[in-house]
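> Kindly return the folded structure for what I paste below:
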Amino acid sequence: MSSTGSKQKNTDKSNRKGVDSKLIQRLYVFLAPYKGYLILALLLTLATAYLGPLRPYLTQIAVDDYIAVNDTEGLFRIILLFAAVLVGEFLLLVTSTYLTRWIGQGALYSLRMTVFNKIQHLHVQFFDRNPIGRLITRTTSDIEALSDLLSSGVVNIIGDVFRIAFILFFMFSLSWELSVVSMLTLPVLIYATILFKRLVRVAFLNVRDQIARLNSFVQEHINGMSIVQIFGQEKRELNRFKRINGDHTDAHIKTVFYFSIFWPVVEVLSSVAMALVIWYGGAKTLSGGLTFGILLAFIQYVRLFFMPIRDLSDKFNTLQSALASSERIFDVLDTENKIQDPENPVDFPTSKGSVEFRNVWFRYSPNEDYVLKNISFKLEPGQSMAVVGATGAGKTTIINLITRFYDIEQGEILLDGINIKDIKLDQLRRSFGLVLQENALFSGSILDNITLGNDGINRERVEKVIEMVEADRFIYKLAGGLDYVLHERGASLSMGQRQLICFIRALVYNPAILVLDEATSSVDTETEMLVNKALNELLKARTSFIVAHRLSTIQHANTILVMHKGEIRESGTHKELIAIESGIYRRLYELQYKDQLLAS
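Numbering: from 1, shown residues only. Coordinates of the predicted model:
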């Protein structure tokens, strides 16, 4: 049993070492553009690592060769040389520090761009399963945790290793016996370092998990603060935060505990080594077997020897934190995008606006029930189609499939007779203008929110659509008009005004197919009238696909699909469907217009 456990431990160690080396190799990709500067920084660091251990050697020469024989002139020369070494070490240290930090920030910039670009192109299902707070952690604090490692960590670790090597070189060149005595505590130090590495790695992985968990909780509750307050759940949520915050604190304290043990161990071993040098070296000096200058140099060397070891333990802290963060960052970068461009895409410059579903089956997960079951319909160019039904009937899912946010399990979805899986994603989605129930606005001017930075859409075109929708009633009353700067998510505007801006955005892009998912459900009556007025004009020569609860917005649609439990139960015009006495559509209509029907 113990043998099996030992083998498993060894396997874990080797795997972890392999993962570490792979992570470092992958991180080096972001340093590769600065290879020349990195080599220069390394050379400067190695020069600094040599000059530091040179000072005790010069001290030994000063004491034994000049002070002991009263050679004032020689002592003055060695003092000047000592001063030159100090100045050179200072200048090299300043230059290498600036250079490594500059390199690190450039690498971090590239890494942030890579991560954000990856997140932008991931499939929608990825965001369904990953909390926003966790993704924010990946792109901010996790990347920031790599700052010290990419800035100076690796270079300084190499510098400290060479500093130790130079110290050992000078020590053995002065006295191999005293060098061996001073190294007697080294096996204990090596064992402590290996044990420390294994424990602190697990601890730092837990810290990063707890940070992501904390960020997710805070982000969710700031977004939903009004709900927490209206239902008086502040105390309950505070207690939940207290538990999560406590787990986060405990994870950090565990790392602090390991370091609080390791650093004193290094300090004690350093003191023991110093005591051994003084004991053995002092006896040798008194017996004439060793000069006082060598003893004095060795006392300095022992202190210098353990300084880079302490630095290495601190940098190991940085390294473990960075590796824990990089594992999570590369988890995102390694996530396979389930919605891929076709290997051999068809040429699809513009869409005519024809959409067809052929026997489409879809479910969000293999373990779940089908959300859509054998769905078939065809929408001709220039026609409008509305989809109604109870919540969970599959209305919004149809929109997600048309725009290929998800891929179907069975059947085909055709755009102008071409399977959408054979069309490049950017060409496919360029054919659609999408307005959702939840408006998506960003910090920036109204103009930027409408154009989304598209240089092909000029200001005059935006103004024309604004006038057509009659949104100029409120936009031009704002300070700056189109240049009015919105706060986060457009919080300074009403719900209806925000939705109208999203509607204008879809129209200025002039898509072949306009998709509205409950686009007027959150707007007031006056805004809905403005939207409907614009729709009557703009939908005449444009294919439209409308999901709605308000039946007043879809009565003029060419075709209305009535969804129920993932299936199309009824299909036809408003007049045709209302004529079916026991039909689902008629029941929905009667429920919405009960008061008017009773009055009539």
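
> Just the strands from the chain, written as ranges.
Ranges of strands in the chain, per DSSP state E, are 355-362, 372-379, 384-389, 410-415, 418-419, 432-435, 444-445, 485-486, 513-517, 543-547, 559-564, 567-572.

> got JSON lines for those, with distance to G36 and mean neighbour count too?
To be clear about C-beta, it is placed using only N, CA and C from the backbone, and glycine gets the same treatment. As requested, the strands of the chain are arranged in JSON lines below (distance: least, CB to CB, whole Å; neighbours: other CB atoms under 10 Å):
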{"stretch": "strand 355-362", "distance to G36": "53", "mean neighbour count": "19"}
{"stretch": "strand 372-379", "distance to G36": "57", "mean neighbour count": "18"}
{"stretch": "strand 384-389", "distance to G36": "60", "mean neighbour count": "23"}
{"stretch": "strand 410-415", "distance to G36": "50", "mean neighbour count": "17"}
{"stretch": "strand 418-419", "distance to G36": "49", "mean neighbour count": "15"}
{"stretch": "strand 432-435", "distance to G36": "47", "mean neighbour count": "22"}
{"stretch": "strand 444-445", "distance to G36": "39", "mean neighbour count": "15"}
{"stretch": "strand 485-486", "distance to G36": "43", "mean neighbour count": "17"}
{"stretch": "strand 513-517", "distance to G36": "51", "mean neighbour count": "23"}
{"stretch": "strand 543-547", "distance to G36": "55", "mean neighbour count": "24"}
{"stretch": "strand 559-564", "distance to G36": "62", "mean neighbour count": "22"}
{"stretch": "strand 567-572", "distance to G36": "64", "mean neighbour count": "16"}
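
> Let me have the ones you listed in a markdown table, extended by mean pLDDT and distance to I222.
Below are the strands of the chain laid out as a markdown table (pLDDT from 0 to 100; distance: least, CB to CB, whole Å):
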| stretch | mean pLDDT | distance to I222 |
| --- | --- | --- |
| strand 355-362 | 93 | 33 |
| strand 372-379 | 92 | 35 |
| strand 384-389 | 89 | 34 |
| strand 410-415 | 93 | 38 |
| strand 418-419 | 92 | 42 |
| strand 432-435 | 84 | 26 |
| strand 444-445 | 83 | 20 |
| strand 485-486 | 84 | 18 |
| strand 513-517 | 86 | 25 |
| strand 543-547 | 88 | 29 |
| strand 559-564 | 91 | 35 |
| strand 567-572 | 91 | 40 |
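
> As a markdown table, those strands with distance to A41 would be great.
As requested, the strands of the chain are exported to a markdown table (distance: least, CB to CB, whole Å):
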| stretch | distance to A41 |
| --- | --- |
| strand 355-362 | 54 |
| strand 372-379 | 58 |
| strand 384-389 | 61 |
| strand 410-415 | 54 |
| strand 418-419 | 53 |
| strand 432-435 | 49 |
| strand 444-445 | 39 |
| strand 485-486 | 42 |
| strand 513-517 | 53 |
| strand 543-547 | 58 |
| strand 559-564 | 63 |
| strand 567-572 | 66 |
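
> and of those strands, who's closest to D341?
strand 418-419 (13.4 Å; CB to CB).

> so how far is that closest one off the chain centroid?
35 Å (CA atoms, centre = their mean, to the nearest Å).

> Then stretch 541-561?
With CA atoms, centre = their mean as the basis, the mean position of stretch 541-561 lies at 39 Å from the chain mean.

> Relative to F166, which of the strands of the chain is closest?
Per CB to CB, nearest to F166 of these: strand 444-445, 55.1 Å.

> which outside residues touch that closest one?
Identification of contacts with strand 444-445 by CB atoms under 8 Å, 6 or more residues apart in numbering yields 480, 482-486.

> Just the mean pLDDT for stretch 493-504, thanks.
Across stretch 493-504, the average pLDDT comes to 80.

> buried stuff in that stretch?
Across stretch 493-504, burial judged by 16 or more other CB atoms under 10 Å covers 493, 496-504.

> if we can go back for a sec, quick one: closest of the strands of the chain to L91.
strand 444-445 (45.8 Å).

> Just checking: what are the partner strands of the closest one?
strand 485-486 (antiparallel) (DSSP bridges).

> Go ahead and name everything in contact with the partner strand.
Residues from elsewhere that reach strand 485-486, judged by CB under 8 Å, 6+ apart: 441-446, 449, 492-493.

> of the strands of the chain, which approaches E177 most closely?
Taking CB to CB, strand 444-445 is the member of these nearest to E177, at 72.4 Å.

> Distance from that closest one to the middle of the chain?
For strand 444-445, the distance to the chain centre is 24 Å (CA atoms, centre = their mean).

> Next: stretch 27-44.
Worked out by CA atoms, centre = their mean, stretch 27-44 lies 24 Å from the chain centre.

> can you check stretch 289-307 too?
Worked out by CA atoms, centre = their mean, stretch 289-307 lies 49 Å from the chain centre.

> Which positions within it qualify as buried?
290-302, 304-307.

> need the helices for the stretch 501-600 of the chain, in chain order.
525-538, 574-578, 584-592, 594-599 (DSSP state H, counting those that start in this stretch).

> in the third one, what's buried?
Spelled out, it's helix 584-592. Of the residues in helix 584-592, those buried by neighbour count under the rule 16+ other CB under 10 Å are 584-586, 588-589.

> Reformat the residues you listed as a markdown table; add distance to R208 and pLDDT.
Formatted as a markdown table, the buried residues of helix 584-592 follow (distance: CB to CB, whole Å; pLDDT from 0 to 100):
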| residue | distance to R208 | pLDDT |
| --- | --- | --- |
| I584 | 50 | 88 |
| Y585 | 52 | 89 |
| R586 | 56 | 88 |
| L588 | 50 | 85 |
| Y589 | 54 | 84 |
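
> For the residues you listed, work out which two are farthest apart.
Taking CB to CB, no two of these sit farther apart than I584 and Y589, at 9.7 Å.
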